[in-house]
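>>> structure for the following, please:
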Amino acid sequence: MHNQHNVLSSSEHPDWEIFEQQAQHDLKHLLTWQQQQASEVSVAFVAESTIQQLNLDYRQKNKPTDVLSFEQDESFGEYHCLGDIIICVPIAQKQAVEKSVTLADEIRLLLTHGFLHLLGYDHAEAEEEKIMFALQDELVQKLKQTAISSQ
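Residues are numbered from 1 along each chain as shown. Now for the predicted structure:
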């Protein structure tokens, strides 16, 4: 199996392209740490109207949300496509202000959350939530450390 990761990203707004580089850096680490070899993940940074439509179409919830994940779990030879992560930048901005964190940190948290959903983690039940959020916190801290050390 190849030890190769492919991270695809796109933004609806030119000002949000700055998050693509961070997402690529973070996802490559997440894929390595979670031993996802030869994997592909796509990430999109979207507006509230886009994520609200996706939330309605796929979850029957007619309201915007901060992050959505769509697991693909398809293999092409030795290459495995994990799925798509959709992050709503305006909601991330609001949440960053509410939490008194940087927008980059909030994007990192949402990206990690969406990534864990692609791996099958969930938080519907209390025990699942405990496991997922503990791993999420651990991974976000590691990502922050790698970001600081690479500056």
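
>>> contact partners for residue 129?
Counting by CB atoms under 8 Å, 6 or more residues apart in numbering, residue 129 touches residue 123. Glycine gets a C-beta too; all of them are placed from N, C-alpha and C.

>>> report the central residue of this structure.
For the chain, the residue whose C-alpha lies nearest the mean C-alpha position (CA atoms, centre = their mean) is residue 111; its distance is 2.2 Å.

>>> what lies in contact with the strand or helix carrying that residue?
Residue 111 is part of helix 103-118, with elements assigned from DSSP states H and E. Here helix 103-118 makes contact (CB under 8 Å, 6+ apart) with 19, 22-23, 26-27, 30, 34, 41, 43, 66-69, 71, 82-83, 85-87, 89, 92-93, 95-96, 99, 132, 135-136, 139-140, 143-144, 147.

>>> among those residues, name the buried ones.
If you count burial by 16 or more other CB atoms under 10 Å, the buried members of the contacts of helix 103-118 come out as 19, 22-23, 26-27, 30, 34, 41, 43, 66-69, 82-83, 85-87, 89, 92, 95-96, 132, 136, 139-140, 143, 147.

>>> sounds good, over and out.
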